[in-house]
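A.B. asks: Could you look at this predicted model? Sequence included:
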Amino acid sequence: MPEICRFDPSGCGFPAPRVPLLPAPGWAELSADGADRVPSGLLSGPGVRRFARGRYALRAAFAAAGLGPGGLLLAPSYHCRTILDPALALGAQVALYPLHEDLRPDLSAIEALVAGVGAAARVLLVPHYFGIEQPRATMEALGALCTRHGLVLVEDCAHAWMVAQRRVQAGVPSGRMLVASPYKYFACPDGGLLWGDPGLLPPQGGAPGLMAELRAARALTTRPAAVPPAALPAPQAGPRGAEHRGREDGPSRYYDAALERRDALLQTRWLIERAQPEEIARRRRQRYRQWLNASAGWRRARPLAPALPEDCAPYMFPLLIAHPDPDFFRLKAAGLPIWRWDDMAVSECAVARRYRSRLLHLPCHQGLSEAQMDWMLALAREVLA
């Protein structure tokens, strides 16, 4: 079982984020005229399965690929903990491969890793981080590697809905599967999707039930109260949380086995079918570029991906900070919405070890208002410029 290093913020007194990290479920992004819709066949059909979350779609993909006790998942060293949980739930082992500074997989290291573990390797998992598609040459090389060694290549598009949409429309190649988390892109309450060979996919899971639908519907009609901006706290030697390190013999607390075979909510499907994916992508690019323009020349931080492809639909803005202490703590104490993957398996990858505490994930979604963007940019500028 992997050794986990987990940051515990207990005692830091961080307030709730004053701006939503993800788009709030609702009706604002629906298309009235039927143009710019999600293509038919992406949400239902023989080669797709729906789930409550992407992590359960990953479990189904891993199981379909034959991953189980004695099997090995090859996963990236920089990761969200929930991409390991499905493999651990299946009783499999995990081996972590290193990454380059731009989060491209290290091809030569993966080749050596596969050669070293032999037939135990079943699945190679490759994320498209922050909505930015991995280079075509990289994916072609990884596909060829998987073919040579009899591995299934699973593309994790949890951050990259538009990558998944293009891939599925073109046809998912044999020996490959794709997984997405639509609630991270659309303003919907839940959802995970798996695309692949219909002969390998499990039966569609059961409906979540009336009470789950009613609870989600109530949330759709309840808008959170506006939170006034906060002043930036002065630097101080306050609580800094705690680091916990140890081996764990199963999935994390973020994994609920009861949801492994549950379908997404009906209202999630309804909202996605009527959303405007291209318009959402345009607005996300606009917000991302606002972050890019604001952060140009900052002394204490730099954007991880300063060049945004024109066809990219970014998930978050990745910002690499030079001084996690005190900068991360000051920003969190002011209520800036930040995700940071500081609960992950330990590896020898220098990039993953550094990014664990230094790489901030900042919102650039379509639900952000101009006032919210102005506040976030001003706050980050005051700390990091």
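C.D. replies: Structure received.

A.B. asks: Name the secondary structure element that contains residue 367.
C.D. replies: With elements taken from DSSP states H and E, nothing contains residue 367; it lies in neither a helix nor a strand.

A.B. asks: pLDDT below threshold where in the stretch 201-350 of the chain?
C.D. replies: 222-230, 233-237 (pLDDT under 70).

A.B. asks: which residues of it fall in helices?
C.D. replies: 210-220, 266-273, 277-295, 324-333, 350-358 (DSSP state H, counting those that start in this stretch).

A.B. asks: Quick check: which of those is nearest to residue 238?
C.D. replies: helix 324-333 (7.3 Å; C-beta to C-beta). Yep, even glycine has a C-beta here, placed from its N, CA and C like the rest.

A.B. asks: and the angle for that closest one with helix 350-358?
C.D. replies: Between helix 324-333 and helix 350-358, the angle comes out at 50 degrees (axes from the mean of the first three to the mean of the last three C-alpha atoms, to 10 degrees).

A.B. asks: Report the buried residues of helix 324-333.
C.D. replies: 324, 326-333 (16 or more other C-beta atoms under 10 Å).

A.B. asks: so what secondary structure elements neighbour that helix?
C.D. replies: Helix 324-333 is packed against helix 350-358, helix 370-384, with contacts defined by 3 or more C-beta pairs under 8 Å, 6 or more residues apart in numbering; DSSP states H and E.

A.B. asks: what angle do the longest one and helix 324-333 make?
C.D. replies: Which is helix 370-384. Per the same axes, to 10 degrees, the angle that helix 370-384 makes with helix 324-333 is 160 degrees.

A.B. asks: Determine the set of other helices and strands touching helix 370-384.
C.D. replies: In terms of contacts (3+ C-beta pairs under 8 Å, 6+ apart), helix 370-384 is packed against helix 277-295, strand 316-321, helix 324-333, strand 359-363.

A.B. asks: before we move on, the earlier item: same list, the helices and strands packed on helix 324-333, but as JSON lines with mean neighbour count please.
C.D. replies: As requested, those are exported to JSON lines (neighbours: other C-beta atoms under 10 Å):
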{"stretch": "helix 350-358", "mean neighbour count": "18"}
{"stretch": "helix 370-384", "mean neighbour count": "17"}
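
A.B. asks: Can you add distance to residue 239 and give these back as a markdown table?
C.D. replies: Shown next, in a markdown table, are these (distance: least, C-beta to C-beta, whole Å):
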| stretch | distance to residue 239 |
| --- | --- |
| helix 350-358 | 16 |
| helix 370-384 | 18 |
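
A.B. asks: give me every residue that touches the residue lying closest to residue 10 once chain neighbours are set aside.
C.D. replies: Counting by C-beta to C-beta, 6 or more residues apart in numbering, the nearest residue to residue 10 once its immediate chain neighbours are dropped is residue 241, at 6.6 Å. If a contact means C-beta atoms under 8 Å, 6 or more residues apart in numbering, then residue 241 has 7-12 as its contacts.

A.B. asks: Recalculate using a threshold of 10 Å.
C.D. replies: Residues near residue 241 by C-beta atoms under 10 Å, 6 or more residues apart in numbering: 7-12, 14, 329, 332, 342.

A.B. asks: Most widely separated two among the residues you listed?
C.D. replies: Applying C-beta to C-beta across these, the maximum distance is between 11 and 342, 15.2 Å.

A.B. asks: So for these two, which residue has more residues nearby?
C.D. replies: Neighbours were counted for residue 11 and for residue 342 using other C-beta atoms under 10 Å; residue 342 has more, 20 against 11.

A.B. asks: I'd say that one and residue 78 touch.
C.D. replies: No. With contact defined as C-beta atoms under 10 Å, residue 342 does not reach residue 78; the gap is 11.2 Å.

A.B. asks: Report how many residues lie close to the residue lying closest to residue 70 once chain neighbours are set aside.
C.D. replies: Ranked by C-beta to C-beta, 6+ apart and with sequence neighbours excluded, the top spatial neighbour of residue 70 is residue 120, at 6.6 Å. Using other C-beta under 10 Å, residue 120 has 14 other residues around it.

A.B. asks: Tell me if I'm right that residue 120 and residue 68 touch.
C.D. replies: No. In this structure, residue 120 is not within contact of residue 68 by C-beta under 10 Å, at 11.1 Å.

A.B. asks: intersection of neighbour lists for the two?
C.D. replies: Here residue 120 and residue 68 have residue 92 as joint contacts, going by C-beta under 10 Å, 6+ apart.

A.B. asks: In strands only, show me the contacts of residue 241.
C.D. replies: Counting by DSSP state E, the part of those found in strands is 7-8.

A.B. asks: Just put the contacts of residue 241 in CSV and tack on distance to residue 317.
C.D. replies: As requested, the contacts of residue 241 are arranged in CSV below (distance: C-beta to C-beta, whole Å):
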residue, distance to residue 317
7, 21
8, 26
9, 21
10, 27
11, 28
12, 23
14, 20
329, 20
332, 16
342, 18
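
A.B. asks: Which member of the contacts of residue 241 is positioned nearest residue 50?
C.D. replies: Nearest to residue 50 among the contacts of residue 241, counting by C-beta to C-beta, is residue 342 at 30.5 Å.
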